[in-house]
Every structure is written in structure tokens, then in C-alpha cells.
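**Student:** Sequence and predicted structure, then a few things I'm wondering about:
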Amino acid sequence: MSHDADETILAALISGATWQTAAEAASCSRATVGRRMADKTFRARLAEARRAVVAATVTRLAAVAGRAVETLTDALEAEDATPRERREAAVALLTQGSRWLTVAEHVPYNVPEPLDVEEVLQRAQRYLDEAEEQEAARAARDDDARDRARARAADAYGDSTSGASPFGETFS
């Protein structure tokens, strides 16, 4: 395989392409991409390239994060801001701030070089998965509580599906 094809496959995979899309970009088969991915050296190059992309992205985000917070703070404190605009700015600040703080709790600060971005991303994904599971469990508890409340109301006031009211009247 040519060096250019390897570079094309790497570029496609770094950008999130599937193996099939990477193969089409490099004018090769999906099996060829699979063989390249089986090569330890190629996988190491891909991992290093992904780390570089993530590091560059984090650097850019960090560079503008302060300005973003200032913009939201200005919107929150603007005298001519509507209550809705202030509320939206406050929600954005609190939501994004809490997300960054939560993610920061799961990112190791004293990581030996080179940074294992895959591990950090896996850790963040596990956290997000756990948060989704907790939200689903909370929703299920809320549904159960609502069902119990409806059952108690039906017991106390009669079954509304029978056509009878709690006062003995029937409806047709």
C-alpha cells in the first residue's frame, strides 16, 4: 500500500469516517483498511494523530472558554436584557459549568506523557453512560410514583373507567 493511501485512510478515520468511507477515499477495499488497522504501527499512528487532534481542539476550546463565559456573563448582567435572555444565559452558564466541573473530576491531572486520550474519552463516556442510566432510573421511579398515585386516586374516588362517580352516579 502506498504512503499516500495510508495518509488518506488516516485522515478519513481521524475525521470519524467508517472503514468503508475511508476505503473509498483511498480508492481501496474495506478489507485493506481492516488489514491496515490490524497493523500495530498503523494503529499507533492513528492513535497519535487522534491525540493530536483532541489536544488541538482542547487547546482551542480553552483559549475561547473565557470569552464564552464573559459573553454569557454580559448577557446575564445586561440592563437591556429581557428576563428570558437572562434566564437562558444563566441556564447556559450553570449547565455548561457543571458539565465542565463534572468532567474535570474524571480527568486525571497528573497523567504521564503521552496523554492516553482514548482512556480519558472512555472514562468520560462511562460517566455519561452512568448519568443516562441514573436519569432512566429516576424517570422509572417517577413513572412508578405516578402510577401508584393514580391507583390510590382510583381507589379513593372510584374507577373513572367504569362510568361511575364516587357519588354513586353513573354516566353513559
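**Tutor:** That came in fine, so what should we check first?

**Student:** isn't Ala92 right up against Leu72?
**Tutor:** Yes - shown here, Ala92 and Leu72 form a contact pair, counting by Cβ atoms under 8 Å, at 5.4 Å. All C-beta spots, glycine's among them, are computed from the backbone N, C-alpha and C.

**Student:** the more surrounded of the two?
**Tutor:** Remark: of Ala92 and Leu72, Leu72 carries more neighbours, 19 against 16, as counted by other Cβ atoms under 10 Å.

**Student:** For this protein, which segments count as strands?
**Tutor:** Here the chain has no strands by DSSP state E.

**Student:** For it, which segments count as helices?
**Tutor:** 3-14, 19-25, 30-38, 40-77, 83-106, 117-157 (DSSP state H).

**Student:** can you put the ones you listed in a markdown table and add mean pLDDT?
**Tutor:** Shown next, in a markdown table, are the helices of the chain (pLDDT from 0 to 100):
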| stretch | mean pLDDT |
| --- | --- |
| helix 3-14 | 90 |
| helix 19-25 | 94 |
| helix 30-38 | 92 |
| helix 40-77 | 83 |
| helix 83-106 | 76 |
| helix 117-157 | 76 |
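
**Student:** Can you report how many residues neighbour the closest residue to Met37 other than its chain neighbours?
**Tutor:** Nearest in space to Met37, with sequence neighbours left out and distances taken as Cβ to Cβ, 6 or more residues apart in numbering, is Arg43 at 6.3 Å. By the criterion of other Cβ under 10 Å, Arg43 has 12 neighbours.

**Student:** And the one 5 residues further on, by the same measure?
**Tutor:** Glu48 has 13 neighbours, counted by other Cβ under 10 Å.

**Student:** separation between it and Leu10?
**Tutor:** 10 Å (Cβ to Cβ, to the nearest Å).

**Student:** How about Val33?
**Tutor:** 10 Å.

**Student:** what's the distance between stretch 10-28 and the middle of its chain?
**Tutor:** Relative to the centre of its chain, stretch 10-28 is centred 24 Å away, using Cα atoms, centre = their mean, to the nearest Å.

**Student:** Only alpha carbons, please: show it as CSV.
**Tutor:** Extracted in CSV, the C-alpha atoms of stretch 10-28 (Å, rounded to 0.1, in the frame of the first residue of the first chain):
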residue,chain,number,x,y,z
LEU,A,10,-5.6,8.0,8.5
ALA,A,11,-7.2,11.4,7.6
ALA,A,12,-10.5,9.8,6.9
LEU,A,13,-10.5,7.8,10.1
ILE,A,14,-9.4,10.7,12.2
SER,A,15,-12.3,12.7,10.9
GLY,A,16,-14.7,10.0,12.1
ALA,A,17,-15.3,8.1,8.8
THR,A,18,-16.2,4.5,8.7
TRP,A,19,-13.8,1.9,7.4
GLN,A,20,-15.9,1.8,4.2
THR,A,21,-15.8,5.5,3.7
ALA,A,22,-12.0,5.6,4.4
ALA,A,23,-11.6,2.8,1.8
GLU,A,24,-13.5,4.8,-0.8
ALA,A,25,-11.5,7.9,-0.1
ALA,A,26,-8.2,5.9,-0.5
SER,A,27,-9.5,4.0,-3.6
CYS,A,28,-9.0,0.7,-1.8
